[in-house]
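Engineer: Show me the folded form of this:
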Amino acid sequence: MGIKGRIHSVETFGTVDGPGVRYIVFLQGCALRCKYCHNPDSWQLSCGQDADSEKIVQDMLTYRSFIRSGGITISGGEPLLQPEFTLDIIKRARYFGLHTALDSAGSVPLERSKKVLDEVDMVLLDIKSIDDRVCWSLTGRSNMETLGTLDYLEQIGKRVWLRHVLVPGWTLDRAQLERLADYLSGYGCVELVELLPFHKMGEFKWKEMGLQYSLLGTPEPSDEEIGMAKEVMESRGLKVLMRNHTSGSKEKKIG
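Structural biologist: Next up, the predicted model:
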């Protein structure tokens, strides 16, 4: 038997959460309350479904031929809120030779997350905003833990893809983007920066859950705005990956 945890869902053919085709486990629970979150149903740790790390990896292995050139990604929610569960999945997957990635906002204290960060092959780290005041307003939390996580990943030489959502009126601002690009240019561990345009695909979930969606009138970024953000990052020598944060994966439940 493995370690018990709680998950939101599983995608068996993911193409936007790490390199190659990947099996993605979305864990339940998140301390952030991002205004643009498209899975607010993943916030409460008490929701979701019970899962066992051994059974998850057993199911994962049935897709081994499809994900051989990619791997597995543990996402959320915030997977570092369930560090023992996350760590056990990673160790079991690596035992079978699968590449492992962690998709995280790094918003958990390092004393809880270090073992996971040490074990996983790469981290998809989401910096919500480089401006701490904006981060508080946008997510309800400081960016200090996230930046501390990036410092630790640099220290241990971990492979990092940096993710940043472009939200008009919030993070899609040239001055903020220049500040972020200048900050990231000092890190050797950052392989590339993924710029994810804000979208409204999760808006209906807020309504279904009786939550107030404060970005109701916020437009999706224009091609010109996206081009500006890309230019700012590349002008600092950063490699940029542009793609919509969507997937054609198949969602399933783990028994």
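
Engineer: lowest-pLDDT helix or strand in the protein?
Structural biologist: None of the helices or strands of the chain scores lower by mean pLDDT, DSSP states H and E than strand 251-252, at a mean of 46.

Engineer: quick one: secondary structure of the residue sitting nearest the centre point of the chain?
Structural biologist: Centroid-nearest residue in the chain, with C-alpha atoms, centre = their mean: residue 103, separated by 3.5 Å. Per DSSP: H, G, I helix; E, B strand; the rest coil, the secondary structure class of residue 103 is strand.

Engineer: pLDDT value on the residue nearest to it when sequence neighbours are not counted, please?
Structural biologist: In space, and not counting its chain neighbours, residue 103 is closest to residue 75: 3.8 Å by C-beta to C-beta, 6 or more residues apart in numbering. For glycine as for every other residue, the C-beta is placed from the backbone atoms N, C-alpha and C. Per-residue pLDDT puts residue 75 at 97.

Engineer: Residue 75 pairs with what?
Structural biologist: Applying DSSP bridges to residue 75 gives these bridge partners: residue 26.

Engineer: contacting residues around residue 117?
Structural biologist: 102, 110, 123, 149, 152, 153, 156, 158 (C-beta atoms under 8 Å, 6 or more residues apart in numbering).

Engineer: If we use 10 Å, what do you get?
Structural biologist: 80, 83, 87, 102, 104, 106, 108, 110, 123, 125, 149, 152-153, 156, 158 (C-beta atoms under 10 Å, 6 or more residues apart in numbering).

Engineer: Would you confirm that it belongs to a strand?
Structural biologist: No: Residue 117 sits outside any strand when classified using three-state DSSP, being helix.

Engineer: so how far is residue 138 from it?
Structural biologist: 24 Å (C-beta to C-beta, to the nearest Å).

Engineer: try residue 158
Structural biologist: Per C-beta to C-beta, residue 158 is found 26 Å from residue 138.

Engineer: Those two: which is more packed in?
Structural biologist: residue 138 (22 against 19; other C-beta atoms under 10 Å).

Engineer: Check the contact between that one and residue 172; I expect there is one.
Structural biologist: No: contact criterion C-beta atoms under 10 Å: residue 138 and residue 172 do not qualify, at 11.9 Å.

Engineer: which residues are common contacts for those two?
Structural biologist: residue 165.

Engineer: Surely residue 78 touches residue 125?
Structural biologist: No: between residue 78 and residue 125 there is no contact under C-beta under 10 Å: 11.9 Å.

Engineer: residues shared between the contacts of these two?
Structural biologist: 103, 104, 105, 106.

Engineer: quick one: buried residues of the biggest strand by length in the chain?
Structural biologist: The residue-count maximum for a strand in the chain (DSSP state E) belongs to strand 4-14. Buried residues in strand 4-14, counted by 16 or more other C-beta atoms under 10 Å: 5, 6, 7, 8, 9, 10, 11, 12, 13, 14.
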